[in-house]
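>>> make a model of this:
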Amino acid sequence: MIKDEGFSVTSVSRQVSIFSKQRLEQLATLSVYLVLGYVVNLMFFLPIGDQYLKPVIALALLFCLGHRSAISSWGVGPVKSLLLPMSLYSAVLVTSYLVGDGYMSTIRMFIYCSLFIYAASVVRLQPQYLAVLCILAAVEMLMLIGYRCGWEECSRFGGFTNPIFFGMYALSMSVLCTYLACAFANGWRRWLLYVSAVVFLAAAGLTQTRGVMLAMVPLLLIFAFYLYKHKAFSARRVVFTLVAATCLTGFVGFESGAYKRISKVEEELVPALSEGASGSAYDSSIGFRILMWKYALSVTMEHPVFGAGKERFQQYKEEWVEQGRFPDELIEYLPTSAHAHNQFFQELAMRGLIGFAALLALLAVPARKFVSMIRSRETEWPGYIGLSLVVAYATFSLTEVALKHPEKIAVFTVIGFIALSLGRSAPRPMGTAA
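Next comes the predicted model:
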């Protein structure tokens, strides 16, 4: 009888333990999807939307670490190729901040995101749930485009934030939708994801952000390679693509004035690059960027290894303008701005060769992993998501500080995490592959 009671107590205890583990797993999974849904959703870019990202990440950390503890799993898992370079870059940011000041918002977001992808890597993502999140975000984007371009003047489309931030988000979401569609057979989710990709691509064009338009070039080449690899260049698809591209570019170009901004590139570029460039040559958007790049390289020559830090980077502006080394436009345009409008030059100027090497690792290490995923049939389409994301951010970084602001960091981390997580157990699509 005692043995029976003991056995009964042990069985109940075991069942309670199993129930607790299952409940923790469910809570961890839900919290991870909450973070992913928060970042890919248009609501993230509302004026107060991003204020709640850190509490949502903290909630996911609590449940995911609890789940890890319950199953005694503390490994890095499939996100090692993203987590390690992010941790290295975060360490460089912290060291630079302690020595020469920096951006605390950037440091906080990198630390939050690093902790999140480590804790959340124990959760297995499902493409069908991610598809719902992407399609919902596309519907919201379509409504916003209709509101802004139908009832208001459609100038530079930026949602509720900076058009540059919004354009980077929209183009990244277009990449995610395009290749996520490959996880499904020729059903409604597949085609809705393709339509969603077109909606996000239109939104990216409507921002009139030339750096985003520049990033479209390598992304289209990658997609063309994907189609060629899968022998998807049928006459019907080519005609459909040309018609869709013509309608899309025509609407975006004429509705937003994007063509005018593109046509001004040479007009703004040539005076700024001429040998006798004066202060007025740097009054334009492109001209000021070239001036900032020249200035950043000059700062790098002064502090090549460890960089000058944020405060010294700003101080040199005033000193060198007073000395006549640089024109007044350097401090008249965005006088309080302490970034170089180029992520690579910024790293060299503020954190030297050490920061530059950490940045290259942050882009190259995940890219190498994504290329290896593409070579495997089972993980091919998640590999294309990740590789396109890295290429897009590397291109963004040529004209903007793509990894400085929290919103950009969150989008990069979340989509990179999605690609690596799906690559762990990507289902092979039924039907045609492209």
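
>>> in which helix or strand does the closest residue to residue 404 other than its chain neighbours reside?
Counting by Cβ to Cβ, 6 or more residues apart in numbering, residue 106 is the residue found nearest to residue 404 once chain neighbours are left out, at 5.5 Å. For glycine as for every other residue, the C-beta is placed from the backbone atoms N, C-alpha and C. Applying DSSP states H and E as the criterion places residue 106 in helix 104-120.

>>> name the helices or strands packed onto that helix?
helix 2-40, helix 53-71, helix 80-100, helix 406-424 (3 or more Cβ pairs under 8 Å, 6 or more residues apart in numbering; DSSP states H and E).

>>> again, 6 Å this time
helix 53-71, helix 80-100, helix 406-424 (3 or more Cβ pairs under 6 Å, 6 or more residues apart in numbering; DSSP states H and E).

>>> how about the last one: buried residues?
So that's helix 406-424. 406-423 (16 or more other Cβ atoms under 10 Å).

>>> swap in the first one?
With burial defined by 16+ other Cβ under 10 Å, the residues of helix 53-71 counted as buried are 53, 56, 57, 60, 61, 63, 64, 65, 66, 67, 68, 70.

>>> next, the angle helix 406-424 makes with that helix.
30 degrees (axes from the mean of the first three to the mean of the last three Cα atoms, to 10 degrees).

>>> helix 53-71 to helix 104-120, inter-axis angle?
Going by the same axes, to 10 degrees, helix 53-71 makes 30 degrees with helix 104-120.

>>> dump helix 53-71 to CSV, keeping only the CA atoms.
Provided in CSV are the C-alpha atoms of helix 53-71 (Å, rounded to 0.1, in the frame of the first residue of the first chain):
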residue,chain,number,x,y,z
LEU,A,53,9.7,47.0,-27.4
LYS,A,54,12.1,46.6,-24.5
PRO,A,55,9.4,45.5,-22.0
VAL,A,56,8.1,43.0,-24.6
ILE,A,57,11.6,41.6,-25.1
ALA,A,58,12.1,41.4,-21.3
LEU,A,59,8.9,39.4,-21.0
ALA,A,60,10.2,37.0,-23.8
LEU,A,61,13.5,36.7,-22.0
LEU,A,62,11.7,35.7,-18.7
PHE,A,63,9.7,33.0,-20.3
CYS,A,64,12.4,31.7,-22.7
LEU,A,65,15.0,31.5,-19.9
GLY,A,66,12.5,29.7,-17.7
HIS,A,67,11.8,27.2,-20.5
ARG,A,68,15.6,26.7,-21.0
SER,A,69,15.9,26.1,-17.3
ALA,A,70,13.1,23.6,-17.3
ILE,A,71,14.6,21.5,-20.1
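
>>> which outside residues touch stretch 324-335?
Residues outside stretch 324-335 that contact it (Cβ atoms under 6 Å, 6 or more residues apart in numbering) are 279, 282, 288, 317, 320, 321.

>>> number of nearby residues for the residue nearest to residue 212 when sequence neighbours are not counted?
Nearest residue to residue 212 in three dimensions, chain neighbours excluded: residue 167, at 3.8 Å (Cβ to Cβ, 6+ apart). The tally of other residues near residue 167 (other Cβ atoms under 10 Å) stands at 28.

>>> which parts of the helix or strand harbouring residue 167 are buried?
Counting by DSSP H and E, the element that carries residue 167 is helix 163-180. Residues of helix 163-180 classed as buried: 163-180 (neighbour count, 16+ other Cβ under 10 Å).
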